[in-house]
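# Return a 3D structure for these sequence lines:
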Amino acid sequence: MRLRRMKVCLLGLAGIAVTGILGACQTPREKNSAFSPQSSFSSAVNAFETVWRSPDQWQPNDGIVESSDGSAVTFWDRKAGAPCVYVADLNNLDLSDVFSVTFEYKSERIVDINKRVALKVGLRDSNGTRVAFGPFWVSEHWRKAEFYTALPTWVSKPVDLTRIVAVDLVQNDVKGEPAWDFRISIRNWKMTSRGELSSKPSALWKASSMTSAGSVTVGGKPFFPVGLMTTLGADRHSAFLPLDKGKLPYSEQTLRTWLATIREAGFNSIMSYTMPYYYGGPQASHTEKMAGMSRFLDFAEKADLQVLATAYGYTAGKLPGESEERKKAVKARKLELRQFVETVKEHPAMLGYYVADEPIPGGVSKSDLAMFCSEVKSRDSVHPTIIIYCSDPALGVFGRVADVLSPDFYPVGGKSPYSTISRLTEKLELAHSFQSATARRPCLWATLQIHRADATRRFPSMDEMRAMSFLALTQDVKGLFFFAHAYPDGTRPYSESYPEHWANVSLAMNSLHTAIPAMVNGRTVHGIQVSDERVECIVKETTWKERKALYIIAVNPCRGKAQDEPLKVTFSGERIPRNATIEVLDENESGHVELGTSRHIPLTATKDARAFQDEFSLNAVHVYRIVSR
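Now for the predicted structure:
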């Protein structure tokens, strides 16, 4: 896409002079000494107002035309037909106190009024990261624009708001081509600080917390959910599915202890089947249940856990078939859904909305689920909607309804030690086929097994849980959830009822966090050959201690049968540096899983190739970090 950039009067927000036009258009001029960086919000506002009202400060060749009363500034392309870049030098201005910016704009001249012209505002930090806000559609009449620096979610790497070096306007027509002849006027620029907000403006909820790479963001930073699907709640009614007839002792301290145990086990997110539906008992009003949901979010926040809010009781329940009854049911459910969204959307522990649980064979129709999801997004498009499905045909029906799809996969059931963990690759590859080729939407998570179906079945082993989890990572999923903490066994949390199994869960979950930074911050690269096709892998290029690093995540998943001997697997390719150091993370020198340790593998380097070899037992997982010495 070709874009046209114009020099911006937004310089006034910093109170800084323009350095001039970069490139062939004009040589930079010296900065006006009257303008200096302003770090505080109030100083920045005062400096901006000073510049705004002093048109004599601008040089004649700046490409800026003030209106006669100084209320608007106009930008235009002086050299029609030749792209030019106009950059403002803001000297690492600290805009971290700024929450939102509003201004009015219009076009003074549009040659072809039938071509839609778009305007974007960009911020760029000293690392070269740029985030664009908009587009704002341009017309011949004054229009209001508003953007929020609190959610720079367009990019995988957030902009550093404490070190802004440039603000620019990007303008193009609907085809992405430069609109060659134009004039854009700006007036009434206003900034709002975070401290001035009593509540978040409704327009904020027209943004998205998902990056262009498909990651969810929390606090403006990419976040990889490792979540536990539980039956915990915020009172004795919701602390458990009512299988125990109310015999489970409950206190707030008990819940705090359980949540802290979950966090220590390596989970950073939680979902509850019982909240808010069981809270307060069967006689509780919906308002009381919403108060309980707020309490649950508060508890989760104190435990440093994000909450996947269970909304499918409102969105995916079957509706009556008769028209009048259906109308009443839809109206009532929408009302409760709105109250639910308004309760949870501003809470800092909020992660997303769980809008459908296995819709096939659940019985909800595509049109009904889409209707309720639209109701959610109309009030909060910041947080994603998630569908968890068990049946592959659900992809064809519900594949475009939500922001995130997550197949559930529970391969460990009978007494056989050989489960078909390898089938997860097929399920995730099928889900990938339903994503759009460019935007990779809907995003893909996976819901995996740590439970046993009943007392006659077995729990998955630590090796099986690691194999499932890291196998999902090789398919580049953006989040993982694990079922279940208590349900369907009807037992207390595993940390109390099955401490040995919980220790295995904890080791498996905590080992994930060794690979997650590369999954979130790295880019997928190719060019590494693997000698055995039974080993699934993904290669991420990122940085480690300011050096370029390759992370290879490799898994040998069980295919439902025994493996007599370990696989001897060779990894080779030109991407491996000649002088590379190769570590296998979270493994001691004996090859056993041990968090925080590493074993080293020698590199074989020749003139034409670089390679290393390793062994893979059944369900083995190896995470390699390769850096130049």
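
# in the stretch 251-400 of the chain, which spans are helices?
Ranges of helices in the stretch 251-400 of the chain, per DSSP state H, counting those that start in this stretch, are 252-264, 286-302, 312-315, 323-344, 359-362, 366-379, 393-398.

# Same question for the stretch 101-250 of the chain.
Applying DSSP H, counting those that start in this stretch to the stretch 101-250 of the chain gives no helices.

# What of the stretch 401-550 of the chain?
According to DSSP H, counting those that start in this stretch, the helices that the stretch 401-550 of the chain contains are 423-433, 462-474, 494-497, 499-521.

# Out of these, which gets the lowest mean score?
Lowest mean pLDDT within the helices of the stretch 401-550 of the chain: helix 494-497, a mean of 85.

# Just the buried residues of it, please?
Using 16 or more other C-beta atoms under 10 Å as the burial criterion, the residues of helix 494-497 that qualify are 494-495. To be clear about C-beta, it is placed using only N, CA and C from the backbone, and glycine gets the same treatment.

# tell me the mean pLDDT for stretch 239-258?
Averaging pLDDT along stretch 239-258 yields 72.

# before we move on, what about stretch 578-588?
Averaging pLDDT along stretch 578-588 gives 95.

# gap between it and the chain center?
Averaging C-alpha positions (C-alpha atoms, centre = their mean, to the nearest Å) puts stretch 578-588 29 Å from its chain's average.

# same question, stretch 227-240
A distance of 25 Å separates the centroid of the chain from that of stretch 227-240, by C-alpha atoms, centre = their mean.

# Next, the distance between the ends of that stretch.
One end of stretch 227-240 sits 18 Å from the other (C-alpha to C-alpha, to the nearest Å).

# that older thread, for my notes, please list the helices of the stretch 401-550 of the chain in CSV and give distance to residue 608 for each entry.
Output for those, formatted as CSV (distance: least, C-beta to C-beta, whole Å):
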stretch, distance to residue 608
helix 423-433, 32
helix 462-474, 28
helix 494-497, 52
helix 499-521, 28
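
# if we can go back for a sec, of the helices of the stretch 251-400 of the chain, which approaches residue 236 most closely?
Closest approach to residue 236 among the helices of the stretch 251-400 of the chain (C-beta to C-beta): helix 252-264, 9.7 Å.

# related to what we said a few turns ago, mean pLDDT lowest where, among the helices of the stretch 251-400 of the chain?
In terms of average pLDDT, helix 359-362 trails the rest of the helices of the stretch 251-400 of the chain, at a mean of 78.

# what about the nearest residue to residue 301 once chain neighbours are set aside, how many neighbours?
In this structure, residue 301 finds its nearest non-sequential neighbour in residue 349, 4.0 Å apart by C-beta to C-beta, 6 or more residues apart in numbering. Residues contacting residue 349 under the criterion other C-beta atoms under 10 Å number 21.

# same thing with the one 10 residues further on?
Counted by other C-beta under 10 Å, the residues lying close to residue 359 total 26.

# cool, and residue 281?
For residue 281, using other C-beta under 10 Å, the count is 13.

# okay, the helices of the stretch 401-550 of the chain, which one's buried deepest?
With neighbours defined as mean count of other C-beta atoms under 10 Å, those peak in mean count at helix 462-474, which reaches a mean of 24.

# That one to helix 423-433, inter-axis angle?
Inter-element angle recorded for helix 462-474 and helix 423-433: 20 degrees (by axes from the mean of the first three to the mean of the last three C-alpha atoms, to 10 degrees).

# Who are the packing partners of helix 462-474?
Counting by 3 or more C-beta pairs under 8 Å, 6 or more residues apart in numbering; DSSP states H and E, the packing neighbours recorded for helix 462-474 are helix 423-433, strand 446-449, helix 499-521, strand 536-544, strand 547-555, strand 621-628.

# what's the closest non-adjacent residue to residue 258?
Leaving aside its sequence neighbours, residue 258 sits nearest to residue 493 (C-beta to C-beta, 6+ apart; 5.5 Å).

# residue nearest the centroid of the chain?
Centroid check for the chain by C-alpha atoms, centre = their mean gives residue 216 as the closest residue, at 1.0 Å.

# show me what contacts the residue lying closest to it once chain neighbours are set aside?
The shortest distance from residue 216 to any non-neighbouring residue, by C-beta to C-beta, 6+ apart, is to residue 223 (5.2 Å). Residue 223 sits next to 215-217, 268, 306, 351, 520 when contact means C-beta atoms under 8 Å, 6 or more residues apart in numbering.

# Report the separation between residue 384 and residue 360.
Distance, residue 384 to residue 360, by C-beta to C-beta, to the nearest Å: 21 Å.

# Which one of these two is surrounded by more residues?
With neighbours defined as other C-beta under 10 Å, residue 384 and residue 360 compare such that residue 384 has more, 26 against 17.

# Now do that one against residue 351, distance only.
In terms of C-beta to C-beta, residue 384 sits 8 Å off from residue 351.

# do the same with residue 465
Plainly put, residue 465 is 22 Å away from residue 351 if you go by C-beta to C-beta.

# just residue 562 next, same as before
Noted for residue 562: a distance of 40 Å to residue 351, by C-beta to C-beta.

# One more: residue 283?
Counting by C-beta to C-beta, the gap from residue 283 to residue 351 is 30 Å.

# between these two, who's got more neighbours?
Legend: neighbour count by other C-beta under 10 Å for residue 283 and residue 351, higher for residue 351 (27 against 7).

# so the more buried one sits right up against residue 219, yeah?
No: using C-beta atoms under 8 Å, residue 351 is not in contact with residue 219, being 11.6 Å away.

# And the pLDDT for residue 52?
Confidence at residue 52, expressed as pLDDT, is 39.

# is it true that residue 359 touches residue 386?
No: in this structure residue 359 lies outside contact range of residue 386 using C-beta under 8 Å: 11.9 Å.

# quick revisit: of the helices of the stretch 251-400 of the chain, which stretch is the most buried?
Of all the helices of the stretch 251-400 of the chain, helix 312-315 carries the top mean neighbour count, a mean of 22, counting by mean count of other C-beta under 10 Å.

# Tell me which other helices or strands that one touches.
Helix 312-315 sits against helix 323-344, strand 350-357, helix 366-379, with contacts defined as 3+ C-beta pairs under 8 Å, 6+ apart.

# Out of those, which is closest to residue 545?
Closest to residue 545 of those is strand 350-357 (C-beta to C-beta; 30.3 Å).
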